[in-house]
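1. Model the following, please.
(chains A and B)
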Amino acid sequence: MIEISNFSFHIEQIINQYPINSIERQLLEQMNKSTQAYNYETLDQLQFELSLRKEIVNASVALNSSGLKFSTFYESKCNLEYWDRTNNGGFRLKRGENPHNAIIDIFKNGHKYATECATAIAIIYYGALTKVFSEETFNRLFPSIYLMNWHTLDPLLKEIGAPKRVTDILLGDRCYFNNPDVNPQTPELQGENVIILPNNLYYGHGIGISTSDRIIRILNANRKEGATQSAYFIENSAARPNFKQLYKFR
Amino acid sequence: MLVSVLINTYRDKNILPLVVDLIFKRNRNEQYIHDLVWALFRSGDLQVLRLIAEYIKSSDPKDVELATKLLNIDEANMRAHNYDQERLYESYLNWLEENQPYLYFTQESFHYTSKPIFYAVNLQRKNYKKDIDIELGRRGR
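-> Modelled structure (predicted):
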């Protein structure tokens, strides 16, 4: 159910604002049916979350088409026009460069970049935020971006690094496929960080947009000799940005 | 990844101290350590907890920060020991001694979360053991 200012909210009030099969509509229907109470202070706050989740999904699709390559941190690369590659394989925004444009560059010139799946997720969230915030606001909030999986997330995005137990898996959530019997020679395939997309699809950098079965098949193909445990999706666990905190800056 | 193969395929436990030292050295130099940490905890050897705990006493704040992070020693715990590294170390070892039979590795990693809990106490098993001990005590054994 959805509650606004502690009152039960009927989605019929706004659902027709969103096209059939739109991400926002699917979210409203799912949240409405849930046993979990989704609480918001205002309708605008709810609509901000719907909008940002839509942009997270869109950014996933865009990054998938960007040409961004998969690599381990040892072999990562970035466009040195905007980013410095650090000792540990991360990308630090160059001093004086425009953060908004630097993030957009990854989507525009993905072929100039290579990184692993967790960093790609961080890029997606920043990419989504370039759509909901003005350039000025984005640059003010994120003046010095460091892209290195969950290692150095901006405080405003720290929640995307730490999955929690959830009642529902929602579009735009960050989830994880675990591969417990991974081949010791390929630790980068110990799991796959994914963004939840519509139609039971998932975006995971390195695998692309795919079904659960295919992701598991790919991970299972990279297990140690004599493996007995299949890769699996971690149910009821998701990481989400703090939408209410981000809403304050819209 | 050679370390991972040595530890997890050939079960070479002799290199664990070297790997722990390498992790802390690389961390001081801000080099990537996540795969090494992953390989270390996949060994399933509780010895690694004692090896990591040694760094609680380090004079380098980066070592202490990493050691407490890997061992899930939170701020509240450190405050409770007045940030006295020696006391914290001794306290941790005592905790480890008491809980060692019930510990298991969770398979969490930095790949999955920024706050992995690498190991945990099997409370059911621990409480069951306590119940057995109480029962045996009651029977006068």
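2. ok, then the element right after the top strand by length along chain A?
-> If you go by DSSP state E, chain A has its longest strand at strand A:191-197. Helices and strands here follow DSSP states H and E; after strand A:191-197, the next one along the chain is strand A:201-204.
3. can you give me the helices for the chain?
-> Let's take chain A. Ranges of helices in chain A, per DSSP state H, are A:23-33, A:43-64, A:99-108, A:117-132, A:135-141, A:212-220, A:243-247.
4. um, chain B though
-> Counting by DSSP H, the helices of chain B are B:2-8, B:16-28, B:34-42, B:47-53, B:61-70, B:75-80, B:85-99, B:123-138.
5. Nearest the geometric middle of chain B, what residue?
-> The residue lying closest to the centre of chain B (CA atoms, centre = their mean) is B:Leu49, at 3.3 Å.
6. who's in contact with that residue?
-> B:71, B:96, B:103, B:119 (CB atoms under 8 Å, 6 or more residues apart in numbering or on different chains). Yep, even glycine has a C-beta here, placed from its N, CA and C like the rest.
7. List the residues that contact the closest residue to chain A within chain B.
-> Here the residue of chain B nearest chain A is B:Ser114; by CB to the nearest CB that distance is 3.2 Å. Shown in contact with B:Ser114 (CB under 8 Å, 6+ apart): A:150-151, A:153, A:158, A:161-162.
8. ok, now which ones touch the nearest residue to A:Ile121 once chain neighbours are set aside?
-> In this structure, A:Ile121 finds its nearest non-sequential neighbour in A:Asn193, 5.0 Å apart by CB to CB, 6 or more residues apart in numbering or on different chains. Residues counted as contacts of A:Asn193 (CB under 8 Å, 6+ apart) are A:117-118, A:120-121, A:174-176, A:204-205, B:111-112.
9. just those now: which is nearest B:Ile15?
-> Closest approach between these and B:Ile15, by CB to CB: B:His111, at 21.7 Å.
10. Would you agree that closest one is in contact with A:Asn149?
-> Yes - between B:His111 and A:Asn149 there is a contact at 7.4 Å, judged by CB atoms under 8 Å.
11. which residues do these two both contact?
-> Common neighbours of B:His111 and A:Asn149 (CB under 8 Å, 6+ apart) are A:118, B:34.
12. For burial, what's the neighbour tally of the closest residue to B:Glu108 other than its chain neighbours?
-> Of all residues not flanking B:Glu108 in the chain, B:Pro116 sits nearest, at 3.9 Å (CB to CB, 6+ apart). B:Pro116 is flanked by 22 other residues according to other CB atoms under 10 Å in any protein chain shown.
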